[in-house]
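[1] Sequence plus predicted model, see below.
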Number of protein chains: 2
Amino acid sequence: MTLTGMLSFVEENYLKAIYHLSNSGEESVTTNALAEEMQTTPASVSDMIRKLSKKEVVNYKKYQGVNVSEEGKLIALRVIRKHRLWEVFLVEKLEFNWDEVHDVAEQLEHIKSPLLIQRLDEFLGFPQYDPHGDPIPDENGQFTESKREPLSQTQIGITGVVVAVEDSGTAFLKYLDKVGISIGTKITVEDIIEFDGSMDITIDQKKSITVSQTVADNIWLA
Amino acid sequence: MTLTGMLSFVEENYLKAIYHLSNSGEESVTTNALAEEMQTTPASVSDMIRKLSKKEVVNYKKYQGVNVSEEGKLIALRVIRKHRLWEVFLVEKLEFNWDEVHDVAEQLEHIKSPLLIQRLDEFLGFPQYDPHGDPIPDENGQFTESKREPLSQTQIGITGVVVAVEDSGTAFLKYLDKVGISIGTKITVEDIIEFDGSMDITIDQKKSITVSQTVADNIWLA
DNA sequence: GATAGTGTTTAGATATATCTAAAAAAAATA
DNA sequence: TATTTTTTTTAGATATATCTAAACACTATC
């Protein structure tokens, strides 16, 4: 009953991971990196890549790494579109916290119904960003890539607005809630500790805290 | 990663089919009937039943048919609950027609997130019936089974209100739209043709039409 | 440029869900 | 009751997605 070109859940997840790791489809992704990302073994990754390559959704030469083909990129972006639209739905309509949406959206993103996504988009008022600040691509995979940089690459004295944060882990988002950082928060870099890359920052011109480099890597400013 | 007792999509679908075919878990379901319902072979059904039996969600003795256990009934009813809540969402919020919701709900019913269903229920205002008039069980599988009978078993002269219709097929629901029958429609039985069981009925005391026995079997009145 | 080490792929195995074909059990019929 | 027919189950195969262990290919070093 599987339609031609129809990918399984697992295949869609691999494609999404390849897209993400390759920095939006440009760089080549190694087998080990993918295995780490997918929480599986390099052997399984090799098998799956061969399969995706046969379906022509990835470009692949043995031992040379892999990245998404044009067709694969569009498929990945459509899955990402669905993921982010569902996240908006969960937060805006069902009052989920931003740290509760990821796992549910990981399931909902695989529902196959173009009409559903079209109507959901409409119902939500055609949102441009998800609750973590990531842009929502349109049906054709187009989105406006706003220029933004990680907090960790900002200089002392610079003030920026948080436009996005990494959305994968609950723990990180709970931490941001605790210290009072969300999309739109104004952050000023007061000092950078060279030893470990941690930063002293001021939040909304009021509260001062120190954040680790790991944290600073996962907050984007504009 | 599969949690203990966690059923796959396919297993959930079998359980649901067994529950439906057994008249809400009372009668015994034959292998052939299940194969027909699941659009597969008796051999596949046998295999799956053995598996479900090992997981103790169905009661099964070889050659004696199968039905859901207490635990299996609750699982089936929770899947049905999800299916019907999603149908309400699609019709009420995303403006789907009642003949467009079934296939999408078949996918959405397998999403695993108790919080999602709790919030969805709340968001929809705790609906008691789905768009086809079927009752929505609560978290514990409880629902008020209203007394209703198929139009085909009604007598001449009787007037009833449509409280439910069979929801599985698009063609049937499109037909009901065409002739002007929906939930709440008043139907009066004018005549019953003994030869083929077809019926002359009046719709909302205005329009008169003739419906086949098959159609009459799939409309419930109260 | 040979070699040690790391990264990657293949070979072979397991579990799920399905199938066809054959065997076994139950039901229907003579 | 014996036999035929139908239903159901088992046996053996296929496809997906995974694994471990072994082989292979690149890279870095001496």
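    Arrived safely.
[2] which element is the spatially closest residue to A:E109 that is not a sequence neighbour on?
    Residue nearest to A:E109 in three dimensions, not counting chain neighbours: A:H83, with 4.0 Å by C-beta to C-beta, 6 or more residues apart in numbering or on different chains. In short, each C-beta sits where N, CA and C put it, glycine included. Assigned by DSSP states H and E, A:H83 belongs to helix A:70-92.
[3] Could you list the buried residues of that helix?
    Buried residues in helix A:70-92, counted by 16 or more other C-beta atoms under 10 Å in any protein chain shown: A:72-91.
[4] C-terminal to that helix, what's the next element?
    Sequence order places helix A:102-108 as the next helix or strand after helix A:70-92, per DSSP H and E.
[5] that older thread, okay but the residue nearest to A:E109 is in contact with A:V104, surely?
    No - counting by C-beta atoms under 8 Å, no contact exists between A:H83 and A:V104, whose distance comes to 10.1 Å.
[6] Can you tell me how far A:L221 is from B:V215?
    According to C-beta to C-beta, to the nearest Å, A:L221 and B:V215 sit 63 Å apart.
[7] sorry, that was for A:L21
    55 Å.
[8] A:E190: what's it in contact with?
    A:I156, A:M199, A:D200, A:I201, A:T202, A:S208 (C-beta atoms under 8 Å, 6 or more residues apart in numbering or on different chains).
[9] Count the residues that sit near the closest residue to the last one other than its chain neighbours.
    Distances taken as C-beta to C-beta, 6+ apart place A:T202 nearest to A:S208, at 5.1 Å, with adjacent residues excluded. When neighbours are defined as other C-beta atoms under 10 Å in any protein chain shown, A:T202 has 15 of them.
[10] backbone phi and psi for A:T202, please?
    Per-residue torsions, A:T202: phi -110, psi 130 (degrees, to the nearest 10).
[11] Show me what it bridges to in the sheet.
    On the basis of DSSP bridges, A:T202 is bridged to A:T188, A:S208.
[12] For it, list the residues it contacts.
    A:T202 neighbours (C-beta under 8 Å, 6+ apart): A:I187, A:T188, A:E190, A:S208.
[13] How much space separates the second one from A:W220?
    Pointing back at A:T188 there. A:T188 is 16 Å from A:W220, where distance means C-beta to C-beta.
[14] between those two, who's got more neighbours?
    Ranked by neighbour count (other C-beta under 10 Å), A:T188 and A:W220 place A:W220 first, with 23 against 17.
[15] The more buried one against A:Q153, yeah?
    No - look at A:W220 against A:Q153 with C-beta under 8 Å: they stay out of range, at 9.7 Å.
[16] Kindly report the residues of chain A close to chain B.
    A:90, A:93-96, A:100, A:103-104, A:107-108, A:111-113, A:115-116, A:119-120, A:122-123 (C-beta under 8 Å from any C-beta of the partner chain).
[17] Among the residues you listed, name the buried ones.
    A:90, A:93-94, A:96, A:100, A:104, A:107-108, A:111, A:113, A:116, A:119-120, A:123.
[18] Would you mind giving those residues as TSV with pLDDT and distance to B:V163 added?
    Below are these laid out as TSV (pLDDT from 0 to 100; distance: C-beta to C-beta, whole Å):
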residue	pLDDT	distance to B:V163
A:L90	98	33
A:K93	98	29
A:L94	98	29
A:F96	97	34
A:E100	94	37
A:V104	94	33
A:Q107	94	33
A:L108	96	32
A:I111	95	30
A:S113	94	28
A:L116	97	28
A:R119	98	27
A:L120	98	30
A:F123	98	28
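[19] And for the nearest residue to A:E92 once chain neighbours are set aside, the neighbour number?
    Leaving aside its sequence neighbours, A:E92 sits nearest to A:L124 (C-beta to C-beta, 6+ apart; 6.5 Å). Residues near A:L124, counting by other C-beta under 10 Å, number 15.
[20] who's in contact with A:D217?
    By C-beta under 8 Å, 6+ apart, the contact set of A:D217 is A:P150, A:L151, A:S152.
[21] before we move on, what about A:E56?
    Going by C-beta under 8 Å, 6+ apart, A:E56 touches A:S69, A:E71, A:G72.
[22] Report the secondary structure state of it.
    Under DSSP: H, G, I helix; E, B strand; the rest coil, A:E56 falls in the coil class.
[23] separation between it and A:H20?
    Distance, A:E56 to A:H20, by C-beta to C-beta: 20 Å.
[24] for A:E106, same thing?
    To A:H20, A:E106 is 13 Å away according to C-beta to C-beta.
[25] does DNA strand D sit close to the helix holding A:H83?
    No - applying C-beta under 7 Å from any atom of the strand, one finds helix A:70-92 separated from DNA strand D by no less than 14.0 Å.
[26] For that helix, C-alpha coordinates in CSV please.
    The C-alpha coordinates for helix A:70-92 follow below in CSV (Å, rounded to 0.1, in the frame of the first residue of the first chain):
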residue,chain,number,x,y,z
GLU,A,70,17.1,18.5,-3.8
GLU,A,71,14.2,16.2,-3.5
GLY,A,72,15.3,15.0,-0.1
LYS,A,73,15.7,18.6,1.1
LEU,A,74,12.1,19.4,0.2
ILE,A,75,10.9,16.3,2.0
ALA,A,76,12.9,17.2,5.1
LEU,A,77,11.6,20.8,5.0
ARG,A,78,8.0,19.6,4.8
VAL,A,79,8.5,17.5,7.8
ILE,A,80,10.2,20.4,9.6
ARG,A,81,7.2,22.6,8.6
LYS,A,82,4.8,20.1,10.1
HIS,A,83,6.8,19.8,13.3
ARG,A,84,6.9,23.6,13.8
LEU,A,85,3.3,24.2,13.0
TRP,A,86,2.2,21.5,15.5
GLU,A,87,4.5,23.1,18.1
VAL,A,88,2.7,26.4,17.5
PHE,A,89,-0.6,24.6,17.9
LEU,A,90,0.4,23.0,21.1
VAL,A,91,1.6,26.2,22.7
GLU,A,92,-0.9,28.7,21.3
